[in-house]
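Chemist: okay, predicted coordinates and the sequence, questions at the end:
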Amino acid sequence: MREFELKKSEINTAARAIMELLPHGGIVLLKGDLASGKTTLVKHIAAICGIEQKSVSSPTFSVMNAYATDFFHYDIYQKGSRSFIESGLFENLQQKGYHFIEWADEELEKMLKLYALDCIVVEIIISAADKRIYKVYNA
């Protein structure tokens, strides 16, 4: 496990560390309270991949946004992991590329393990008004 306590302005450190773990794509489960910075982290990772940050937004209502042919961003807060699995979006995770899933839970982690899909988990914890703790580990 890697852990960082960073100021909000230092988020690129966490983004680069995550990308080092995913040189050819992968699944990232993002966990954290409301407004902890899950979408902001995805924006910074997207920038590393050459995607304009301003084009990245939370897919709260659309459930999935694709920013490139290999960069996918999901938000399962509204519908939950059961709906994500039943809707057919789970199959998308088998595509090559980067998959970032906000509001992931234990049920989704279990399904990924069942289908032998490796992933990493990023927990974001608000430690102060301008600081976040990023815990990065394999699920």
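Modeler: Ah, there it is.
Chemist: what is the mean pLDDT for stretch 72-84?
Modeler: Mean per-residue pLDDT for stretch 72-84: 91.
Chemist: can you pull the buried residues of that stretch?
Modeler: In terms of neighbour count (16 or more other Cβ atoms under 10 Å), stretch 72-84 has its buried residues at 72-76, 81, 84. (Each C-beta comes from the backbone N, C-alpha and C, glycine too.)
Chemist: repeat for stretch 110-120
Modeler: So stretch 110-120, judged by 16+ other Cβ under 10 Å, has buried residues 111-112, 119-120.
Chemist: what of stretch 14-27?
Modeler: Residues of stretch 14-27 classed as buried: 14-15, 18-19, 22, 26-27 (neighbour count, 16+ other Cβ under 10 Å).
Chemist: what's the neighbour count on Ala46?
Modeler: Residues lying near Ala46 (other Cβ atoms under 10 Å) number 21.
Chemist: could you check how far it is from Glu91?
Modeler: Distance check for Ala46 against Glu91: by Cβ to Cβ, to the nearest Å, it reads 23 Å.
Chemist: great, nothing more from me.
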